[in-house]
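> need a structure here:
(2 chains)
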Amino acid sequence: MKKRRSRLDPTRPVAIWRSKDLLEGKPTDSLTIILRTRGCRWNRCTMCGFAAEGAPATAEDLMVQFRVAADRLSSRTRVVKIYTSGSFFDPMEVPAQVRERILDLLSGTGVEKVVLESRPEYIALDVVLDCVSRIDVEVAIGLETSNDLVRSHSVRKGFTFSDFKAASEIVHRGGGTVKTYLLLKPPFLSEGLAISDALRSSRAASPYTDLFSLNLCNIQRGTVVERMWQQGSYRPPWLWSAVEVLKNAPSVPIICDPVAAGTRRGPRNCGRCDRAIAEAIRKHALTQDPGVFEHLDCGCKSAWEKVVELEDLAFGAPLA
Amino acid sequence: MTRYFEVIGRDGPARRGRLLLERTINTPALISNDRIVSAGSLWSFGSVEEALEAADGTIDKDKLFIPPHVSVPLHVEPPVDLPQIETNGPCGLVVHPFFLDEPYPADVYIMGAAGSLRNPRELLKAVLEVKEKTPPDSALYAPALATPANLALLVYLGVDLVDSTRVVVDGYLRRYHTHDGSWNIEDLRELPCRCQYCRAMEKEDRPDLQMISDHNHLKLEEEIRLVREMIRRGCLREYVERVVRVTPEETATLRLLDQEGRYLERRTPIFRKSVMYSNTAESLHRVEVTRYAKRVLDRYRAPESEVLLLLPCSARKPYSKSRSHRLFAGALGSWRKRIHEVILTSPLAVVPRELEEVYPAAHYDVPVTGRWDLEERDWLLRCLDAYLERSSYKKIIAHIDGELREAVEEHGIDAVYTGGGTNGEALSRLTKAVKKAAIDASVLDHKKLRVRAVTDYFFGSQSGDLLLAGEVRIKGREVQNGDKKTLATLTPNGTIALTIEGARRLEPMGAHIVEIGEFLPRGDVLSPGVVDADEEIRPGDDVIVRGEKAFGVGRARMSGWEMVRSTRGVAVELRKVEKV
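So this is what the prediction gives:
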């Protein structure tokens, strides 16, 4: 671990990339910046391997990182997403003056909205008010599921649905918007239960959020889920399941970036149709048009249907 | 307390039983989903309370009810404990093989995440753990695990219920199953099965997922029928030795099970009517073989004979009935009374003549090629060494030939080697050697020695002397006391059946005693009536039934430990009982 950490440069961001995001319903140029901070203070979630990217970055380091990233802004960039693999509002990760400087710098560009991530316990009204006074802010919260049993025992997230509701109210009161992450297929859940859990969660959380982002569980290194996967005890969700959720979620916009789709560690179907379906999912994220899923079919769909039907009665073993 | 499952027959860990749902399921069986009603995984509820409440509404007495359960993968400790749910109907409880304390009572125990058990050691450990911690009269259900190729092994390990989940899903993934293994259907040039589904697919020249799945299901059904029949016939072990060849993993599982020893020994009957085939390397490690060898060394006492004659085995059993052994007997003539005969054979190694009828000595068949492989040779010589160390022969004559003679002679056994064989010359050499060796030897009472040996074999050393104490005579296959009352009979099965008088003689030994409650049983003794039982009793053993109001003899239908732990089923078939 020590060796690895020395290779993680606290003055370099983890990653920076340009993509498209929805802004007021329209696909818009966006820039995503992953800052390297000391990492998530909770750091106990079974599927999350981001802690491995952390380094003890000082306030100065973080500003250096941000300047490196800001070089990638273009004149058309309207949305900037600043993630830390933890909580942007945790002052131990991102000191208040760094937060303020970054938002001020961004408000001086053409950027219209900044998306930040935080666990509910760091979301306080004064912080939200302060941010919103500088630039439009969307706070993303990793609810994962509305089911407290699943969140505490399977994801091991350590907060409750009421904590999420309270945090969401604070963001709204402070003038920000809320994006809610849902996790498709937390460990222990059968394929069928994963679908119904995500749908139930989207219904339960829809009054408290402006946008859903469906995260398809993938196998990150050094995680509990990775160990289960290596033992043949966990399979990432089928892409059909993602389609099923995206098609049937309530009317709040729901987006999904099928990270690692079609790979061994990622959400996948049979291998033949993965690319087309991942493409449709990405298209859906920008259009919110369920029509993109209509023409999709593959021989593996009936296998997935059988898995959905039967996996509950395997009592903990993945069927395929 | 199990109320809806009953074991009615056993062959080692494999059992035949009855699961009493609306329509009875005869196990081992495939259980279909419509015979099950599951309250669901805990993860489908918002809270434990909600789960328990929902469970109440789903109980269905006609089906196997599965209360809410904590579904987790094999190696994850369930993070929540759920309380027991009271039902009046058949109940199937999900248990976690690697995190199992004392589970609540249930009729069926469902091995959670069994479908992930792929590695032989894990599979074995999981089954043994659950069997150890659950009552012997409950059924074991391994969900989503069975295939036509592993079904016999699963049942042999002690699984009573399986389902077709895995092969059905496999069908939709284009995996084609037969009891000789599974393949991707595209890799098959022709389908090795002629069922309706395969015919249809061949006609269409195109695989159909539903049809592959239906074919797979059919193959699994065929296999479970065959397995049930094998249990009825008492030859599941032979069948399993054959089918595990399909993969190294299955073969490894069987070998690991044999190495474990105790689990099988505690469940293996003392005799079977079927022929024991010794066709494979695993046959050498069967409980029947190791138990026989161990009892010959530990319980059996060789007669105080001066001359030992080593003979080869014969295809016909018992050996005495074979042509070769009748010729040997003829050659020995009246000298036979003065010598002790021991037969050398594979896989039983050392068979004293007195125990030639005892299972499996009169019940085995082995491919005879004259070749002794290294493992057989090693096993034989180790047993022979141990046997000779416990006895006090002055002279040994070895009438054996070929590789058997080579093995014994090269091992340095000091004997007169007559060269073996059954032709005139060979027999004269035998006669000559025996005459020379036995000229001063004293006469042995072979009839009594046989009774002593068989009694010791089943009831423990010294028990034969107790049975034969005082004035006794052997008449045919019967042992009588001075008043001509029968004490015991040597049965054609190779066992010894006691009478009440005989049981009285053996009672002080304390062996094979089944203590029952304060009642006079008629017919069978059921396991709820058993207060205590000798741990050493095995299915088929002759037992002494003893209670405040009764004394009797009978044959055990289950092992002693099982009688104590069971609440259902026949423990002892009574042959004779007297009011006390």
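> C-alpha only now, for contacts and for neighbours.
Fine.
> which residues touch B:R18?
B:4-8, B:24-27 (Cα atoms under 8 Å, 6 or more residues apart in numbering or on different chains).
> Try it again at 10 Å.
B:R18 is in contact with B:4-9, B:24-29, B:139, B:160, counting by Cα atoms under 10 Å, 6 or more residues apart in numbering or on different chains.
> Phi and psi next, for residue 274.
I'll assume chain A. Main-chain torsions, A:D274, degrees, to the nearest 10: phi -60, psi -40.
> That one reaches A:A242, doesn't it?
No. Using Cα atoms under 10 Å, A:D274 is not in contact with A:A242, being 11.7 Å away.
> can you map out the helices along the stretch 151-300 of chain A?
Counting by DSSP state H, counting those that start in this stretch, the stretch 151-300 of chain A has these helices, from start to end: A:161-173, A:191-205, A:224-230, A:239-248, A:274-287, A:300-310.
> Just want the phi and psi numbers for B:F271.
phi -160, psi 160.
> Any idea how many residues pack against it?
With neighbours defined by other Cα atoms under 10 Å in any protein chain shown, the count for B:F271 comes to 19.
> can you check B:V94 too?
22.
> which residues does A:S233 contact?
A:187-188, A:225-227, A:316-319, B:72-76, B:113, B:115-117.
> And the helices of the stretch 151-300 of chain A: which comes nearest chain B?
Across the helices of the stretch 151-300 of chain A, chain B has its closest neighbour in helix A:300-310 (4.8 Å, Cα to the nearest Cα).
> The closest one to helix A:191-205, inter-axis angle?
Angle of helix A:300-310 versus helix A:191-205, following axes from the mean of the first three to the mean of the last three Cα atoms, to 10 degrees, is 80 degrees.
> Using CSV, write out every CA atom in helix A:300-310.
Output in CSV follows, covering the C-alpha atoms of helix A:300-310 (Å, rounded to 0.1, in the frame of the first residue of the first chain):
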residue,chain,number,x,y,z
CYS,A,300,-29.6,-14.1,-24.5
LYS,A,301,-32.7,-12.2,-23.5
SER,A,302,-34.5,-15.4,-22.7
ALA,A,303,-31.6,-16.6,-20.6
TRP,A,304,-31.8,-13.4,-18.6
GLU,A,305,-35.5,-13.8,-18.2
LYS,A,306,-35.0,-17.3,-16.8
VAL,A,307,-32.3,-16.0,-14.4
VAL,A,308,-34.7,-13.2,-13.2
GLU,A,309,-37.4,-15.9,-12.7
LEU,A,310,-35.3,-18.5,-10.9
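> okay, A:D274 and A:A242: which has more neighbours?
A:A242 (25 against 20).
> Run a quick check on that one versus A:G192, I expect a contact.
No. Checked against Cα under 10 Å, the pair A:A242 and A:G192 is beyond contact range at 11.2 Å.
> Overlap of the contact sets of these two?
Common neighbours of A:A242 and A:G192 (Cα under 10 Å, 6+ apart) are A:K185.
> Distance check, A:G142 against chain B.
Distance of A:G142 to chain B, computed by Cα to the nearest Cα, to the nearest Å: 18 Å.
> Name the helix or strand for that residue, please.
Using DSSP states H and E, A:G142 sits within strand A:136-144.
> Not counting the next helix or strand after that strand itself, show me its contacts.
Per DSSP H and E, the first helix or strand lying C-terminal to strand A:136-144 is helix A:148-149. If you take Cα under 10 Å, 6+ apart as the criterion, helix A:148-149 is touched by A:154-162, B:42-48, B:80.
> Poorly predicted segments of the stretch 201-320 of chain A, please.
Within the stretch 201-320 of chain A, no stretch has pLDDT under 70.
> Kindly report the residues of it close to chain B.
A:224, A:227-229, A:231-234, A:270, A:299-307, A:309-320 (Cα under 10 Å from any Cα of the partner chain).
> Buried ones among those residues?
Among these, those classed as buried by 16 or more other Cα atoms under 10 Å in any protein chain shown are A:224, A:227-229, A:232-234, A:270, A:300-307, A:309-320.
> Break chain B into its domains for me.
Split into domains by automatic domain parsing, chain B comes to B:5-184+B:215-261, B:281-437, B:470-579.
> got a markdown table for these, with mean pLDDT too?
Listed next are those as a markdown table, based on pLDDT from 0 to 100:
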| stretch | mean pLDDT |
| --- | --- |
| domain B:5-184+B:215-261 | 95 |
| domain B:281-437 | 95 |
| domain B:470-579 | 95 |
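> burial measure for the residue of the stretch 151-300 of chain B found nearest chain A, as a count.
Ranking the residues of the stretch 151-300 of chain B by distance to chain A (Cα to the nearest Cα) places B:Y172 first, at 4.8 Å. Neighbours of B:Y172 under the rule other Cα under 10 Å: 25.
> That one reaches B:T165, doesn't it?
No. Proximity of B:Y172 to B:T165 does not meet the contact threshold set by Cα under 10 Å, at 11.1 Å.
> Need the overlap of contacts for those two.
In contact with both B:Y172 and B:T165: A:306-307, B:213, using Cα under 10 Å, 6+ apart.
> out of these, who's nearest A:T37?
A:V307 (40.6 Å; Cα to Cα).
> Relative to chain A, how far out is the closest residue to B:S324 other than its chain neighbours?
Spatial nearest neighbour of B:S324, chain neighbours left out: B:T422 (6.4 Å); criterion: Cα to Cα, 6 or more residues apart in numbering or on different chains. Distance from B:T422 to chain A, counting by Cα to the nearest Cα: 61 Å.
> And what about B:T422, helix, strand or coil?
coil (DSSP: H, G, I helix; E, B strand; the rest coil).
> Hmm, it is touching B:S322, no?
No. Look at B:T422 against B:S322 with Cα under 10 Å: they stay out of range, at 11.8 Å.
> shared neighbours, the two?
Joint contacts of B:T422 and B:S322 (Cα under 10 Å, 6+ apart) are B:F328.
> dump the residue contacts of the residue nearest to B:V530 when sequence neighbours are not counted.
Distances taken as Cα to Cα, 6+ apart put B:I516 closest to B:V530, at 4.5 Å, once the chain neighbours are dropped. Contact analysis of B:I516 by Cα under 10 Å, 6+ apart lists B:525-533, B:545-551.
> Which members of the residues you listed occur in strands, if any?
B:525-526, B:530-533, B:545-546, B:550-551 (DSSP state E).
> Which element, helix or strand, includes the closest residue in space to B:K485 that isn't next to it in sequence?
Leaving aside its sequence neighbours, B:K485 sits nearest to B:E501 (Cα to Cα, 6+ apart; 7.9 Å). Secondary structure assignment for B:E501, by DSSP H and E: helix B:500-506.
> And for B:R452?
helix B:446-459.
> What segments of the stretch 1-150 of chain A are helices?
A:2-7, A:59-70, A:96-107, A:125-132, A:148-149.
> Which other helices and strands does the fourth one contact?
Helices and strands in packing contact with helix A:125-132 are listed as helix A:96-107, strand A:113-117, strand A:136-144, helix A:161-173; criterion 3 or more Cα pairs under 10 Å, 6 or more residues apart in numbering or on different chains; DSSP states H and E.
> give me that answer again for 6 Å
Counting by 3 or more Cα pairs under 6 Å, 6 or more residues apart in numbering or on different chains; DSSP states H and E, no packing neighbours are recorded for helix A:125-132 among the helices and strands.
> what's the offset of that helix from the middle of its chain?
22 Å (Cα atoms, centre = their mean, to the nearest Å).
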